[in-house]
Structure formats: structure tokens, C-alpha cells
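Visitor: quick one, what's the 3D model for this:
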Amino acid sequence: MYVQQSFERPQLPLFDAFLGRTPNEPLVAADDIPRREDDQAFSELALRGAAGHCLHLLAPILRELSQNQDARWLTLVAPPASLTQSWLRDAGLNRERILLLHPRQGQNAVELAEEALKLGRSHTVISWLHPVESSTRQRLAQAANTGGAQSLNISLG
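Guide: Okay, here's the model as predicted:
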């Protein structure tokens, strides 16, 4: 399923002449982009390649989130086995602000992420789900809105 995303970056002036538009004119009118309330609460990041390279790319994102000024947790739900305590330390993450959750028997990662989001004790809940169905996206976004949190799904390939 293809999801249209808006990347609000300024267009390089070099291309404006080729596109026949003025520098501040958007490529697509904002009214033409379908938006849902949940768009701000759920994000996805897909990383493909060698596991070591993917973790290297992921480290600064997690570091930034772990150092968030929000007093709530950065919660990692069912992270891959390669995200060990030593990797978190070596990547420079603030481990005092990170909560690692693993599903118990009879519980799946989606339910656990949804619960963590609804509670509102985390500023961001990161899940590692692949693939993510549209209904799952909506559930996680709704739970994030309920808890005043952000849901980030990371797909490692």
C-alpha cells in the first residue's frame, strides 16, 4: 500500500525555472493532499541493508529521542535482539530514560505498543513491526493521541 507523504522542504531555486513556477509556490496545493488527524501521531522508518549499517543509522535517532526534555520515557517495544544494553550504552543513549518492553505470553507487540501509548507515560513508543497494516497504523495513532505520545514504527530489512 502506498501512503502519500508531504515533505515540507524548500524547493531549490535552480529547479524553479524548469518547473515554470515562482520560488515560494508549492509543487502540490495543500488542499490536494489527503490528511487525517492521526498523521501527526504515527510515523514509520524503513531501513534496509546490513544489520550493522542499519543500527549505525538508527543510533542518532534513538540518541536524540532518549535525550528528549520531556520527563516521560522513550519506550522500545520488542526491539530486535541486536539492540542490547551494551549497544544502547555504546551508541550514547540515555539509558535512564529508556524503557524496554517485551510481550508476555499471550500478548503481541502491537497490543503492548498500544497499551504503552495509551498510558501516556512515554513521549515516544517505538515498535518493530513488519508489515504494518492500515488498521494497525490507525490503532497505534489513536492510542498515541489518547496518551499524548508519538508512535514510531521501525522496519529493519
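Visitor: pLDDT of stretch 138-145, averaged?
Guide: Stretch 138-145 carries an average pLDDT of 97.
Visitor: for the strand or helix carrying residue 43, what is the average pLDDT?
Guide: Assigning secondary structure by DSSP states H and E places residue 43 in strand 42-47. Averaged over strand 42-47, pLDDT sits at 95.
Visitor: run me through the strand neighbours of that strand, direction for each.
Guide: Strand 42-47 pairs in its sheet with strand 150-156 (parallel), by DSSP bridges.
Visitor: quick one: the partner strand to chain centroid distance?
Guide: What separates the centre of strand 150-156 from the centre of its chain is 4 Å, taken as Cα atoms, centre = their mean, to the nearest Å.
Visitor: what does the strand holding residue 43 rub up against?
Guide: Strand 42-47 is contacted from outside by 54, 57-58, 61, 132, 137, 140-141, 144, 150-157, using Cβ atoms under 8 Å, 6 or more residues apart in numbering. For glycine as for every other residue, the C-beta is placed from the backbone atoms N, C-alpha and C.
Visitor: export it as CSV, just CAs?
Guide: Extracted in CSV, the C-alpha atoms of strand 42-47 (Å, rounded to 0.1, in the frame of the first residue of the first chain):
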residue,chain,number,x,y,z
PHE,A,42,2.3,7.8,13.8
SER,A,43,5.5,7.6,11.8
GLU,A,44,7.4,4.9,10.1
LEU,A,45,11.0,4.4,9.2
ALA,A,46,12.3,1.6,6.9
LEU,A,47,15.9,0.7,6.9
